[in-house]
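> Show me how the following folds:
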Amino acid sequence: MQSLGAHRRYQIGVFMLAWGSYAAVYLLRKPLSLVKKDMQAEMGLSTSQLGWMDTAFIFPYALAQMMLGGSADKLGARLTMGSCMLLSAASMFSFGYWNIFPLLLFLLFLNGISQSLIWASTVKGIVAWFPGDEQSTVLGLLGTSAFVGGIVAAATAVRLQMIGWRHCFALPSAVVGLLGLLVLWLFRPPPSKHEFNSDIDLKSKREIRQGSAPGLTQIFSIRGMTETALACFGTKAVRYTMLMWLPMYLYEELEYKEVQAGLLSTVFDVGGVAGSVSLGYIADKFFNSQSILCTTFSLLGSTVAFLLFLYTSTFGMTFNILFLFLAGFTNCGSDTMITGPIAAQLGKQDGRNMQGSVIGFINGFGTAGAILEGPTIGFIASQFGWKSVFYVMFTVALLSALSLTRAQSKSPKTITK
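From the prediction side, this is the model:
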């Protein structure tokens, strides 16, 4: 009993470290969306250039996940996650103090590469500590770190923005760097008798340790992989559109004050927190642990939420808050399900030890949708208006739901515990 009690304390401690560390990396993602207007005014940047700044971060973030996603399988979650956090902090520490646009793009590029492997490493490190009948709930809770991190990052950036937008990066970089050191020190795997990857066969584990990381052929041999990756592509494209452009939309189109727009944009993240926690529980309780089916309904709900937000946008703050919350609940909650429990189960399909590779690939391929988001949304907003942006998000969310329906029909067993 004493051993089990001590193990539970270690589980909680490792989870809290992972949760706090992943939340912290958003301190180096969120500020850019909030300071765009200031950068545009001070540096004379065009809307299109602001879009390319999004792409400078997101392109390497997506590509490195797809190409290097096996690093967590090969090097281990602790070393991969901690090192990437330190590199991310180093790349963004001086970001606010430069005026050279190409250099800013280069620093964002380095930050994208550095952050690309952190989520896959975090999930891989956590699932080893918890049994299968707890993993959907645990990963749902872990997914809230992204949205709480976004909220805290927005509030921090708004506060620092009052001093000047150039001060929004150095202090957050120091925090991320410190947590990266703690990860290298403390984020260790459980003793073998407590490891909950027993459904992964020994041959697969040995191949990864010897450096035989999974290739694309192996990844795409997994049933339902292609459809799940496509659904993630669309879901993240919509999520990053909201993450990067919502404050500007609230400021320009709905005429909120700059601080109000920054704080109101966090309602979408608050909805994401609620969705991440709730969808895993809902899948277990009402969908017989069929995460893909539950997530499909959630994505369909997001299409309704985006349209309702658009059509009631001029009705006042109460309606804005309500439908931003619902949009965040359904879209961000779906993102967490796809890149967490669904991807983790696909990585263990048929005894494979490919969780890091599969999570990285799905998350990276999904983030490729966010690559197109930057210049595409900038172009649509400037040429056709903000209403067209919401119609595009509605269409993409609907196609994502249809793709998950196909994945459900091909591989229903991969998403059950």
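
> Tell me where this structure is predicted with low confidence.
Along the chain, segments meeting pLDDT under 70 span 1-4, 69, 132-133, 192-215, 288-289, 349-353, 410-417.

> Spatially central residue in it, please.
Nearest to the geometric centre of the chain sits Ala146, at 6.1 Å (Cα atoms, centre = their mean).

> any idea how far it lies from Ala261?
21 Å (Cβ to Cβ, to the nearest Å). Yep, even glycine has a C-beta here, placed from its N, CA and C like the rest.

> Please, which helix or strand holds Ser382?
Per DSSP states H and E, Ser382 falls inside helix 355-384.

> Which positions within that helix qualify as buried?
355-378, 380-381 (16 or more other Cβ atoms under 10 Å).

> Packing partners of that helix?
Contact analysis of helix 355-384 by 3 or more Cβ pairs under 8 Å, 6 or more residues apart in numbering; DSSP states H and E lists helix 47-68, helix 71-75, helix 118-127, helix 216-220, helix 225-252, helix 343-347, helix 386-410 as its packing neighbours.

> That one versus helix 386-410: what angle between them?
For helix 355-384 against helix 386-410, the angle by axes from the mean of the first three to the mean of the last three Cα atoms, to 10 degrees is 150 degrees.

> what angle sits between helix 355-384 and helix 47-68?
Angle, helix 355-384 to helix 47-68, by the same axes, to 10 degrees: 160 degrees.

> And the host helix or strand of Gly149, how far out from the chain middle?
Under the criterion of DSSP H and E, Gly149 resides in helix 132-161. Distance of helix 132-161 from the chain centroid (Cα atoms, centre = their mean, to the nearest Å) equals 9 Å.

> next structured bit after that helix?
Helix 132-161 is succeeded, C-terminally, by helix 170-186 (DSSP H and E).

> residue contacts, Gly360?
Shown in contact with Gly360 (Cβ atoms under 8 Å, 6 or more residues apart in numbering): 65-66, 68-72, 116-117, 119-120.

> Then Lys387?
Taking Cβ under 8 Å, 6+ apart, one finds Leu310 in contact with Lys387.

> three-state assignment of Gly271?
For Gly271, the assignment made with DSSP: H, G, I helix; E, B strand; the rest coil gives helix.

> Measure how buried the nearest residue to it once chain neighbours are set aside is and give me the count.
Distances taken as Cβ to Cβ, 6 or more residues apart in numbering place Gly328 nearest to Gly271, at 2.5 Å, with adjacent residues excluded. Counted with other Cβ atoms under 10 Å, the neighbours of Gly328 add up to 27.

> Contacts only, for Ser71.
80, 117, 121, 213, 356, 360.

> can I get those in a markdown table with distance to Leu87?
Putting the contacts of Ser71 into a markdown table (distance: Cβ to Cβ, whole Å) gives the following:
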| residue | distance to Leu87 |
| --- | --- |
| Thr80 | 11 |
| Leu117 | 10 |
| Ser121 | 13 |
| Ala213 | 20 |
| Gly356 | 18 |
| Gly360 | 16 |
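
> Grab the two from the residues you listed that are most spread out in space.
Farthest apart among these by Cβ to Cβ are Ser121 and Ala213. That separation is 14.0 Å.
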